[in-house]
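# Attaching a predicted model along with its sequence, questions to come.
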Amino acid sequence: MGRAHRRGPHPRGVRVRIDAHLHLWPSVEGYGWLDASLAPIDRGFDAAEGRSAIGAAGFDAAMLVQAADTDADTEHLLALAEAHDWIAGAVGWVPLEDPERAQERLDQLRGRPLVGVRALIHDQPDPHLLDRPEVRRTLALLAERELPLDVPDAWPHQLAAATRAAAEVDGLVVVLDHLGKPPVDAGARDAWRAGVRAFAAVPTTVAKVSGLHHAGRGLPADAFADAWRTALDAFGPGRMLLGSDWPMPLLADGLGPLMAPIDGVLSALSEDERRAIEAGTARRVYRLEEPC
């Protein structure tokens with residue numbers, strides 16, 4: 001399967017910070033979840049604007065992540081990755097529920113900078129979607145091609161099924177986007193913690209420190225501290241990676257305020273631990289070439 005194959009502008013040995021979760025879409029057409037209620041992001045975002053935004057947050061390179069379950073969105077992201085050295089690859093979409101079509105699509109994308117697969121399953125009402133036999137066949141195809149599965153906003157509806165998929169599909173790497181979307185409500189955190197710990201107990205799972213907000217509003221300090229401590233204890237730095245989730249932060253606080261507490265906790269880590277979260281895990285999981 002295709003991988004990000006161009007070398008970026010960064011010399012070896014220099015610490016690089018990879019944004020493992022950047023969204024770019026060309027317009028609102030084809031993105032049905034966008035509407036006037038999301039006015040700050042209800043428009044297109046191009047590569048130049050994205051690079052400027054994440055650069056201000058200290059990122060040197062990025063991976064693009066799908067925002068619509070369409071071939072058109074995936075093709076747009078792959079074209080951007082092929083055109084820009086700072087884009088290390090794209091997490092695109094294939095139809096999880098149609099393994100024959102998924103295999104055909106994966107074959108078509110061979111040699112392109114596809115580094116992972118995601119579908120917007122958090123919008124699906126069935127909490128057992130990842131348990132379906134036809135979906136498991138597609139997940140096995142991903143494992144054969146060494147393509148990780150990103151799972152968005154998994155808690156509470158999809159986290160248990162994501163855990164089962166990781167445990168039962170041989171060789172499948174499952175990436176928990178946004179730490180599963182930890183809740184603000186303290187009363188709900190026990191269940192979220194238990195779910196995350198069960199997920200992390202499967203050794204082929206990793207977690208993205210990204211999207212730690214609700215509608216752009218950052219987590220309260222106690223909820224953020226709980227989420228960070230839980231993730232660090234459960235996964236360790238070698239199974240954690242960092243993402244901006246931009247432009248979603250534009251819905252409220254903006255990227256700078258959302259990154260500030262993350263930068264604070266990263267500063268308390270050792271150099272090796274920080275390098276793992278900021279770039280090393282992303283390189284290993286998505287098989288990115290250095291020195292991106």
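Arrived safely, thanks for sending.
# Once you drop chain neighbours, what's closest to residue 212?
Counting by C-beta to C-beta, 6 or more residues apart in numbering, residue 212 lies nearest to residue 219, which is 5.3 Å off, once chain neighbours are set aside. From N, CA and C alone the C-beta is placed, and that goes for glycine too.
# what's the pLDDT at the one you found?
Among the per-residue scores, residue 219 shows a pLDDT of 95.
# is it true that it touches residue 228?
No. Residue 219 is beyond contact range of residue 228, at 9.4 Å (criterion: C-beta atoms under 8 Å).
# The residue nearest to residue 212 and residue 136, how far apart?
33 Å (C-beta to C-beta, to the nearest Å).
# can you check residue 182 too?
Taking C-beta to C-beta, one finds residue 182 at 27 Å from residue 136.
# Between these two, which is the more surrounded one?
Taking neighbours as other C-beta atoms under 10 Å, residue 182 and residue 136 compare with residue 182 leading, 25 against 18.
# Tell me if I'm right that that one and residue 189 touch.
Yes. In this structure, residue 182 is within contact of residue 189 by C-beta under 8 Å, at 6.9 Å.
# Show the backbone phi and psi for the closest residue in space to residue 84 that isn't next to it in sequence.
Distance criterion C-beta to C-beta, 6+ apart; nearest residue to residue 84, sequence neighbours excluded, is residue 47 at 5.6 Å. Torsion angles at residue 47 (phi, psi; degrees, to the nearest 10) stand at phi -60, psi -40.
# same deal with residue 63?
Backbone torsions of residue 63, given as degrees, to the nearest 10, read phi -110, psi 130.
# Now that it has come up, it's in contact with residue 18, right?
Yes. Judged on C-beta under 8 Å, residue 63 makes contact with residue 18 at a distance of 6.9 Å.
# Between those two, which contacts overlap?
Here residue 63 and residue 18 have 88, 282, 288 as joint contacts, going by C-beta atoms under 8 Å, 6 or more residues apart in numbering.
# most neighbours, which of the residues you listed?
Most surrounded of the shared contacts of residue 63 and residue 18: other C-beta under 10 Å gives residue 282, at 32 neighbours.
# Wait, a helix at that residue?
Yes. Counting by DSSP: H, G, I helix; E, B strand; the rest coil, residue 282 is part of a helix.
# ok, now which ones touch it?
By C-beta under 8 Å, 6+ apart, residue 282 lies in contact with 18, 20, 63, 88, 241, 242, 288.
# Narrow those to those in strands?
Counted as lying in strands by DSSP state E, out of those, are 18, 20, 63, 88, 241, 242.
# All set now, cheers.
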